[in-house]
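> just coords:
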């Protein structure tokens, strides 16, 4: 039967109109599918039983099957998902407890005078009066979603590129990963009271080789009657396809964009990323400069640190030069440094090695000293092959 899950608001309105039903029935079904995440038509209890029976004779409600759940010691969970046709992809759910202290550019901000814990604050407390209990910090959930079965781009630092590309995912298959991550992800109260959900399109595949489905899934994730996620909490990653960057920027002017740069010059970048032979850095930066100006859009340059290959002082200076060119074009980007995560499967494994922590800190300091916002991502889920660059679900056949 045809699957209801994945249909857009307009698609459900058309479906219910074709059945001679009032428009509000389409809105009810839409909310059940996405806001409530029901698993069966019978759970749509505000629909008349006769209507549920009628829908059940023509339609089904299916999500990808969770074929395996791989928890990491640090709380990340990798989900192996089987699609209707038997192909497989992976998604990752990461729970993180929010703290008041945020690290930027590798340095902790100075404590404000009079803040909690300062001498003046302690003196104001009455001696012997117990301090009120602190509420536990909310736990946020970050979901890394896939957009393709396999990946055709063959970036050498990413295991997904070593898996044969099979097909694009549908909007419903992308959105379902968020639903399943909430249901089967960390068991530590992630996204509980006060918790927020962040979505990163950084799993298997290149999102902008599947832009149509990505845009449709963004509509589902941000619709107030569906997942109701704020645009500012969603980031779409890309290797840098200029025309598709412009298309995404026009259609979704508030979504964050992360460009996989990984080098400060084109010759080095071409060694790791075959697509760089077609689209040099200058073309990618021109596309970013063409995006509608929106002060709330976040532009990030992703940079995987490969030991002895792109993490040397000269490489940091090359990245700073590129950041200067981008700033001169009117785009102020932040940098996300990522430690390389090796893998052994698919064989023969990764052709790179991780760099040292000292080299990473030196690289971070050089970019930060040039006046740019730069962070060093501490990878989560490495022991479950769930970290950045390690997703490589092998599909049968």
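That came in fine, so what should we check first? The shown structure was predicted, so the numbers you read here are calculated from the model rather than taken from an experiment.
> Just the helices from the protein, written as ranges.
All helices of the chain, identified by DSSP state H, fall at 9-18, 23-34, 49-56, 119-124, 171-184, 211-222, 242-251, 266-272, 281-290, 313-328, 357-369.
> What angle do helix 23-34 and the third one make with each other?
This points to helix 49-56. On the basis of axes from the mean of the first three to the mean of the last three Cα atoms, to 10 degrees, helix 49-56 is oriented at 60 degrees to helix 23-34.
> Quick one, which of the helices of the chain gets closest to residue 381.
Ranking the helices of the chain by proximity to residue 381 (Cβ to Cβ) places helix 171-184 first, at 12.6 Å. C-betas here are computed from N, CA, C, even on glycine.
> So for the closest one, mean pLDDT?
For helix 171-184, mean pLDDT rounds to 97.
> angle of that helix against helix 23-34?
Using the same axes, to 10 degrees: helix 171-184 against helix 23-34 is 50 degrees.
> quick one on the thing from earlier: nearest to residue 386, of the helices of the chain?
Across those, residue 386 has its closest neighbour in helix 171-184 (11.6 Å, Cβ to Cβ).
> Show me how the record splits this structure into domains.
Residue ranges for the domains of the chain, per automatic domain parsing: 2-60, 65-98+137-384.
> TSV for those, including distance to residue 391 and mean neighbour count?
Output for the domains of the chain, formatted as TSV (distance: least, Cβ to Cβ, whole Å; neighbours: other Cβ atoms under 10 Å):
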stretch	distance to residue 391	mean neighbour count
domain 2-60	22	16
domain 65-98+137-384	4	19
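> would you turn those into CSV with distance to residue 395?
Listed next are the domains of the chain as CSV, based on distance: least, Cβ to Cβ, whole Å:
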stretch, distance to residue 395
domain 2-60, 19
domain 65-98+137-384, 4
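> looking at the ones you listed, which is closest to residue 394?
domain 65-98+137-384 (6.5 Å).
> Can you give the distance from that closest one to the centre of its chain?
Distance, stretch centre to chain centre, for domain 65-98+137-384: 6 Å (Cα atoms, centre = their mean, to the nearest Å).
> what about it, start to end distance?
19 Å (Cα to Cα, to the nearest Å).
> Could you do stretch 41-52 as well?
Start-to-end span of stretch 41-52 (Cα to Cα) is 6 Å.
> now that stretch: mean pLDDT?
The pLDDT scores in stretch 41-52 average 95.
> Would you check how far apart the closest residue to residue 12 other than its chain neighbours and residue 33 are?
In this structure, residue 12 finds its nearest non-sequential neighbour in residue 26, 4.2 Å apart by Cβ to Cβ, 6 or more residues apart in numbering. From residue 26 over to residue 33 the distance is 11 Å, taken as Cβ to Cβ, to the nearest Å.
> try residue 187
Counting by Cβ to Cβ, the gap from residue 187 to residue 33 is 25 Å.
> what's the answer for residue 216, then?
From residue 216 over to residue 33 the distance is 14 Å, taken as Cβ to Cβ.
> same deal with residue 301?
36 Å.
> in the sheet, who's paired with the most centrally placed residue in the chain?
Note on the chain: the residue nearest the mean C-alpha position is residue 200, at 0.9 Å, using Cα atoms, centre = their mean. According to DSSP bridges, the residues that bridge with residue 200 are residue 144, residue 235.
> isn't it right up against residue 147?
No - applying Cβ atoms under 8 Å, one finds residue 200 not in contact with residue 147, separated by 11.2 Å.
> What pLDDT does the model give the nearest residue to residue 294 once chain neighbours are set aside?
Closest residue to residue 294 apart from its sequence neighbours, by Cβ to Cβ, 6+ apart: residue 253 at 5.2 Å. At residue 253, the pLDDT value in this model is 93.
> Please tell me I have it right and residue 253 contacts residue 292.
Yes - contact criterion Cβ under 8 Å: residue 253 and residue 292 qualify, at 5.0 Å.
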